[in-house]
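> Build me a structure from this.
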Amino acid sequence: MSSPHTTTKICEFVKRIRLTAKPLGFSGNLHLAWGSRVIAILFFVFLTSPIQAANSLDVVINEIAWMGTKANSSDEWIELYNNTDQAISLEGWGLYEAGGETLIEPLTGVIEAKSYYLIERTDDTTISDIPTSQEPSGWGGYGLNNNGEHLLLLDGNSMIIDEVNCSGGWFAGETSPNYKTMERKDTRGSGSDLYNWATNNGAIINGHDAKGNPVYGTPKTENSIMNEPTPTPTSAPTPTPTPLPTPTSKPSPSATPKPSPSPTPTPTPKPTITPIPTPIITISPSPISKPEIKESKTIYPAGIIINEILPSPEGPDETDEWIEIFNENSLEVNLTGWQISDTVGKTTVYTLPKGKKISPQGFLVLKRPETKITLNNDGDGLKFIQPDGNVIDSVNYEKAPKGQSYNRIDSKWVWSKTLTPGSENIIPKPISEKKEVKSLKEAQEITPEKGLAAVGEEIPNSSNLYIFLIALAIGIFSGIIILILKKKIKTS
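Numbers count the residues shown, from 1 in each chain. Below is the predicted model:
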């Protein structure tokens, strides 16, 4: 609605129009009617346009699905509510986490009077049968931390419109199996009050998730626990002591008159008994202390390993070096915020971007143009680091052979000419050295010269001197036998 100040300005504007209408040829009822139409049009525009400014708690964070949905824990959503009787423009507004340090979602559009505004993180199928109020953007940061967040709703002037400080842990809500949302009880009460929030009661729900499961929350409708009274400390009833009975005095006997005339005796006065006042007992109620919320540590999955690296490719190092990551788990893992760092010389730390995931039993190949990590040919190392600083895996190597990758095989690392980026490592079996030891019969079928030549051919390929000497002796002996046999044949 327009303010009185705005209305005054409109009237002044129309007054000027009416003063200037006469020189333009408008007079009398004609310019009065024209001025009235201008007033009507301007009032319509001001009355139907959403206001830009807002006060604290005019718009509030009304429901938070920090746990996501049964279909996907990343399908988080937040609902806003307009407490006022007028539409409010959200252009330039923002929803922040970490006490205002990280912008989760820049807001757009208009939130109608006494209406709800649904913000989804991933896509519009988060709640499949209820449309979102603005296009999902994936949210800044890493989504809502299951251990709690400090949320702020700021307007275009960076003024705090609402605040929900759950940095010590969420006030309400449940994860598996039903994924129940955290609902605000009183939209005019503080968003940072533990007792102003509750978990969806499971009886009043609305919508379905991306896989058709019921959403245990109330997106775009009244919360299941709306307007439930905030619990306040109660005192025990004040005990009323039983009043003591008031004793009744017996009348004093009258004096017996004597027959002789005498003055009337004065009767003895009744004793006055002061009643004992009723004691008033006041019992002061003991304040109810808020439960202590302990912050739990995020646990990141194990089984994400460095599987193969190529430090010295056949082509240019600047474009052809790569690092391969392998997921040993049977579930998809979000690697947002994980880091890889080399360890020798000028080190580089590469942080995996938001939304980077690795499929179950899958591979992720990161090339040097993306990571900017230089794998030194004369020796280097890598560390794989989780977002909490824990080094989950590492590898070191010495001088890298040209065109060979360094492969993890079980618990060992070996060099291989067979490169397998994005697939299972293949290590060719070593070719065993086979020695042909000719039989005596074969040796007898060749001439001594051929026998000696054959033995001589084996010398470069033999690494065992002992075998070589035996073969040489056999060759010489065979040659002598053949010569003796030939001489005997000739003489006979």
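
> what does the average pLDDT come to for the lengthiest helix in the chain?
Scanning the chain for the longest helix, with DSSP state H as the assignment, gives helix 465-491. The average pLDDT for helix 465-491 rounds to 84.

> in that helix, what's buried?
Phe468, Ala471, Leu472, Ile474, Gly475, Ser478, Gly479, Ile482 (16 or more other Cβ atoms under 10 Å). For every residue, glycine as well, the C-beta is placed using N, CA and C.

> in the stretch 151-300 of the chain, which spans are strands?
For the stretch 151-300 of the chain, the strands defined by DSSP state E, counting those that start in this stretch cover 160-165, 182-184, 197-199.

> Of the ones you listed, give the one that comes closest to Val391.
Among these, strand 160-165 comes nearest to Val391, with 33.0 Å by Cβ to Cβ.

> can you pull the buried residues of the closest one?
Ile161, Asp162, Glu163, Val164, Asn165.

> Quick one: neighbours of the closest residue to the last one other than its chain neighbours, just the number.
Nearest residue to Asn165 in three dimensions, chain neighbours excluded: Ser192, at 4.1 Å (Cβ to Cβ, 6 or more residues apart in numbering). Look at Ser192: counted by other Cβ atoms under 10 Å, it has 16 neighbours.

> surely Ser192 meets Val164?
Yes - assessed by Cβ atoms under 8 Å, Ser192 is found in contact with Val164 at 6.1 Å.

> in the stretch 301-450 of the chain, what spans have low per-residue confidence?
430-450 (pLDDT under 70).

> go again using 90 as the cut-off
Low-confidence segments of the stretch 301-450 of the chain, defined by pLDDT under 90: 301, 330, 345-347, 388-389, 410-411, 427-450.

> which residues in it form helices?
With DSSP state H, counting those that start in this stretch as the criterion, the stretch 301-450 of the chain has helices at 317-320, 368-371, 440-444, 448-458.

> Could you do the stretch 101-250 of the chain as well?
With DSSP H, counting those that start in this stretch as the criterion, the stretch 101-250 of the chain has no helices whatsoever.

> now for the longest helix of the chain, which elements pack on it?
When contacts are defined as 3 or more Cβ pairs under 8 Å, 6 or more residues apart in numbering; DSSP states H and E, helix 465-491 packs onto helix 440-444, helix 448-458.

> what about Asn396, distance to Ser330?
29 Å (Cβ to Cβ, to the nearest Å).

> what about the two, which has more around it?
More neighbours surround Asn396 than the other of Asn396 and Ser330, with 13 against 8 (other Cβ under 10 Å).

> show me what contacts the more buried one?
In this structure, Asn396 makes contact with Thr343, Gly379, Asp380, Gly381, Leu382, judged by Cβ atoms under 8 Å, 6 or more residues apart in numbering.

> what is it paired to in the beta sheet?
Gly381 (DSSP bridges).

> where's it relative to Leu382, distance?
8 Å.

> Need the residues touching each of the two.
Counting by Cβ under 8 Å, 6+ apart, the residues touching both Asn396 and Leu382 are Thr343.

> Tell me, how many residues neighbour the residue nearest to Glu318 when sequence neighbours are not counted?
Spatial nearest neighbour of Glu318, chain neighbours left out: Arg368 (6.5 Å); criterion: Cβ to Cβ, 6+ apart. Around Arg368 there are 21 other residues, counting by other Cβ under 10 Å.

> residues contacting Arg368?
Asp317, Glu318, Thr319, Asp320, Glu321, Trp322, Thr374, Leu375.

> List only those of these flagged as buried.
Glu321, Trp322, Thr374, Leu375.

> Break the protein into its domains for me.
4-48, 59-199, 304-416, 440-491 (automatic domain parsing).

> Please convert these to a markdown table, extending it with distance to Thr221.
Output for the domains of the chain, formatted as a markdown table (distance: least, Cβ to Cβ, whole Å):
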| stretch | distance to Thr221 |
| --- | --- |
| domain 4-48 | 25 |
| domain 59-199 | 7 |
| domain 304-416 | 31 |
| domain 440-491 | 83 |
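
> Ser133 against Leu118, yeah?
Yes - using Cβ under 8 Å, Ser133 is in contact with Leu118, at 4.7 Å.

> quick revisit: what backbone torsions are found at the residue nearest to Asn165?
Backbone torsions for Ser192, taken as degrees, to the nearest 10, come to phi -100, psi 10.

> how near is it to Gly379?
54 Å.

> Can you tell me which of the contacts of Asn396 is closest to Glu79?
Taking Cβ to Cβ as the measure, Leu382 is the one of these closest to Glu79, at 44.0 Å.

> before we move on, back to that, and which of the buried ones among the contacts of Arg368 is nearest to Thr218?
Trp322 (48.7 Å).

> Can I get the buried part of the contacts of Asn396 as one PyMOL selection?
Of the contacts of Asn396, the buried ones can be selected in PyMOL as follows, counting by 16+ other Cβ under 10 Å:
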select buried, resi 380+382
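
> Dump the contacts of Asn396 into CSV; add distance to Ile127 as well.
Below are the contacts of Asn396 laid out as CSV (distance: Cβ to Cβ, whole Å):
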residue, distance to Ile127
Thr343, 46
Gly379, 54
Asp380, 48
Gly381, 47
Leu382, 42
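
> farthest-separated two in the contacts of Asn396?
Longest span within the contacts of Asn396, Cβ to Cβ: Gly379 and Leu382, 12.0 Å.

> For the stretch 301-450 of the chain, just list every one of the strands.
Under DSSP E, counting those that start in this stretch, the stretch 301-450 of the chain gives strands at 304-310, 322-327, 333-334, 339-342, 349-351, 357-358, 363-367, 380-385, 391-397, 405-409, 412-416.

> closest one to Leu57 among these?
Nearest of those (Cβ to Cβ): strand 333-334, 34.9 Å.

> tell me what the closest one is packed against?
strand 357-358.

> Partner strands of the strand it packs on and their direction?
Counting by DSSP bridges, strand 357-358 is paired with strand 333-334 (antiparallel).

> Is the closest residue in space to Leu419 that isn't next to it in sequence bridged to anything, and to what?
Closest residue to Leu419 apart from its sequence neighbours, by Cβ to Cβ, 6+ apart: Ser405 at 5.0 Å. Bridge pairing for Ser405 (DSSP bridges) gives the partners Ser416.

> Counting neighbours, what do you get for Ser405?
Around Ser405 there are 23 residues (other Cβ under 10 Å).

> and what of Glu63?
Here the count is done by other Cβ under 10 Å, and Glu63 has 26 residues near it.

> Now it: closest residue in space that isn't a chain neighbour?
Per Cβ to Cβ, 6+ apart, closest to Glu63 is Glu79, 4.0 Å.

> That concludes my questions; thank you for your assistance.
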